[in-house]
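Peer 1: here is the input, now give the coordinates:
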Amino acid sequence: MTLARFASDPALSRGRLHDEGRGETPNEIRGPRDEFQRDRDRIIHSVAFRRLRGKTQVFVAPDGDHFRVRLTHSLEVAQIGRTIARALGLNEDLTEALCLAHDIGHPPFGHAGEDALQAALSDSGGFDHNAQTLRMLARLEHRYPLFAGLNLSWETLEGLAKHNGPVTEPPWALQDIDKEFPLDLGTYASLEAQVAALADDIAYDNHDIDDGLRAGLFDAETLREIPRISEIWTRAAARFPNAGPELLASEVIREQIGLMVNDLIEETSRAVAESGVESADDVRGAGRSLAAFSPEIASHERSLKTFLYAHMYEHPKQVEVADAVRDVVAGLYGAYRDDSSLMPENWRRTLPNDEPDRARHIADFIAGMTDSFAIRCYRDVLGPVELPEGF
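Peer 2: Predicted structure coming up:
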């Protein structure tokens, strides 16, 4: 496929921090892949990526096999992102790599776990899941003899750092990466990164509706209080008069994903043409994000988020379990801080003596845990954990 002039070209990559051109096993014998294909594959083969299968998306260590976890969510984001990238002439492999990796820094129990680590590290620089993603990929994964991390390309690290826009006050973990391998944090990221961020929104807005209905946190009638959802539902019911609410809900979610994807492609194409950008660096210097929804769909997307916060993320059952799992993470951090012998030998052996590195090292260990492993560690160290059934 021919890339658009404003796409990221792997042949023009700014490279990797560590030179891999030396040694007895040159890259050429490992397959005919370009820089961004290598990044995508390194992410897929990483331990951190595999652990996403056991990390909360919305429901903690869910009992139901059909609820999404971070891994399945990331795969769904990648599917949406790649479709958009192809339509816009962007680099599909870079887009896919960013989509697959975007949630790797999440600790167990999602945002509740992040809140607990942020509080625990309040005197040590805090905790930010996005910065932790870069730390995991550039520091904590150990897969190569000559360097720590996956040694990803500049474009992949930049996209993960800035997919939500320029970073004016980077957290300490991102500062650490940027100091060694400057990522131009004050500019916008590539269009591939901008698309990956919006593909994430499309995926979780719609798939969290699916999971919320399945879990019984709200019903179809409540969902149809959103005007555009009601319109889509009415059309689907007219086309499929014999379909029950569950099948109609699936049809509505599919149609809405298509609506949002098509709108994003159309609006981004318009913005790119209007801006006159001629290269990926022009995109970075455009002074604004070029990937966007139309004002109408952007307003609808905000209404979806408002609905999900009111009926799902802040549902009393979810609040109850969030309180419980915050205590799990806080309890583990306190236990390891007070008695490092409770940590595995390999983590204990590399535990720094001085702060804030010591606190951050403990947080790194906890952040890498799956939900079930964190619960198991808590039970081993501190005692029983009681969670609401099914959540």
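Peer 1: residue 159 contacts residue 193, doesn't it?
Peer 2: Yes: counting by CB atoms under 8 Å, residue 159 does reach residue 193; the two are 3.3 Å apart. Yep, even glycine has a C-beta here, placed from its N, CA and C like the rest.
Peer 1: identify the contacts common to these two.
Peer 2: Both residue 159 and residue 193 are in contact with residue 98, where contact means CB atoms under 8 Å, 6 or more residues apart in numbering.
Peer 1: what is the strand or helix carrying residue 208 packed up against?
Peer 2: Using DSSP states H and E, residue 208 sits within helix 191-215. The contact analysis (3 or more CB pairs under 8 Å, 6 or more residues apart in numbering; DSSP states H and E) places helix 191-215 against helix 70-88, helix 92-101, helix 154-162, helix 220-223, helix 245-275, helix 295-308.
Peer 1: average pLDDT for that helix?
Peer 2: Helix 191-215 carries an average pLDDT of 95.
Peer 1: excluding chain neighbours, what is closest to residue 287?
Peer 2: Of all residues not flanking residue 287 in the chain, residue 188 sits nearest, at 7.5 Å (CB to CB, 6 or more residues apart in numbering).
Peer 1: could the helices and strands packed on helix 191-215 go into CSV alongside distance to residue 387?
Peer 2: Listed next are these as CSV, based on distance: least, CB to CB, whole Å:
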stretch, distance to residue 387
helix 70-88, 18
helix 92-101, 29
helix 154-162, 31
helix 220-223, 25
helix 245-275, 27
helix 295-308, 21
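Peer 1: pull out the buried positions in the helix holding residue 208.
Peer 2: 191-213, 215 (16 or more other CB atoms under 10 Å).
Peer 1: now do it and helix 70-88, the angle between them.
Peer 2: 130 degrees (axes from the mean of the first three to the mean of the last three CA atoms, to 10 degrees).
Peer 1: enumerate every residue touching residue 301.
Peer 2: Contacts of residue 301 were listed using CB under 8 Å, 6+ apart, and they are 201, 205, 260, 293.
Peer 1: OK, contacts around the last one?
Peer 2: By that I understand residue 293. 198, 260, 263-264, 267, 301.
Peer 1: residue 292 too?
Peer 2: Residues in contact with residue 292 (CB under 8 Å, 6+ apart) are 198, 264, 267-268, 271, 298.
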